[in-house]
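Engineer: got a structure for you, letters missing:
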């Protein structure tokens, strides 16, 4: 039985439109926190020039494998056991990293360690694309994002919608420069950085 996240079904096409452009000249993508595996299959099928490396915490691998086994895509690889908090990641280097809907789920120290890990593995000229809801200037961009933030904090006070400026500081500390900030449906954004 494949796990299904409704949000993946809703956001996969708008995200794909961004990735078609920003990953057009990429070769190997690490997807951090592949979740159900739905994004990996959809993007891997649509972008066959990429080797798409899935990753997740070990308990989520079964669901990802169910999607990959059904799709049988040669360019989408079985999930690596990746914890963003680990001091070493099971990936040496990639020229692109993709992540959706993680930075508001994990605590801020994990966000910091995720960016540090990306800094270790992203090649010169590499692209980082992160999708999700973000605040700007400490303010919510919509009532729905404010409600979502309250819901997140009710289940885990360490989580919450993150400020773009704080994420950009982490990125810049790793030598990444913002090259695009794309408005997406449902008050989300896709942030794109390049390793200089």
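Structural biologist: Cool, got the structure. Remember, predicted model here, so these are calculated numbers, not experimental data.

Engineer: kindly list the longest strand within this structure.
Structural biologist: Longest strand in the chain, counting residues (DSSP state E): strand 122-132.

Engineer: quick one, strands of this structure?
Structural biologist: For the chain, the strands defined by DSSP E occupy 28-32, 51-56, 76-81, 94-100, 122-132, 134-135, 162-163, 176-184, 188-195.

Engineer: give me the residue at the spatial middle of the chain.
Structural biologist: Centroid check for the chain by Cα atoms, centre = their mean gives residue 99 as the closest residue, at 0.5 Å.

Engineer: from residue 184, how far out is that one?
Structural biologist: Distance of residue 99 to residue 184, given as Cβ to Cβ, to the nearest Å: 14 Å. (C-beta placed from N, C-alpha, C; glycine too.)

Engineer: picking up where we left off before, the longest strand of the chain: which residues count as buried?
Structural biologist: Within strand 122-132, the residues scored as buried using 16 or more other Cβ atoms under 10 Å are 122, 126, 127, 128, 129, 130, 131, 132.

Engineer: same deal with stretch 129-149?
Structural biologist: For stretch 129-149, burial by neighbour count (16+ other Cβ under 10 Å) applies to 129-135, 140-141, 145-146, 148-149.

Engineer: contact partners of it?
Structural biologist: 11, 15, 18-19, 22-23, 96-104, 160-165, 167, 184, 186-192 (Cβ atoms under 8 Å, 6 or more residues apart in numbering).
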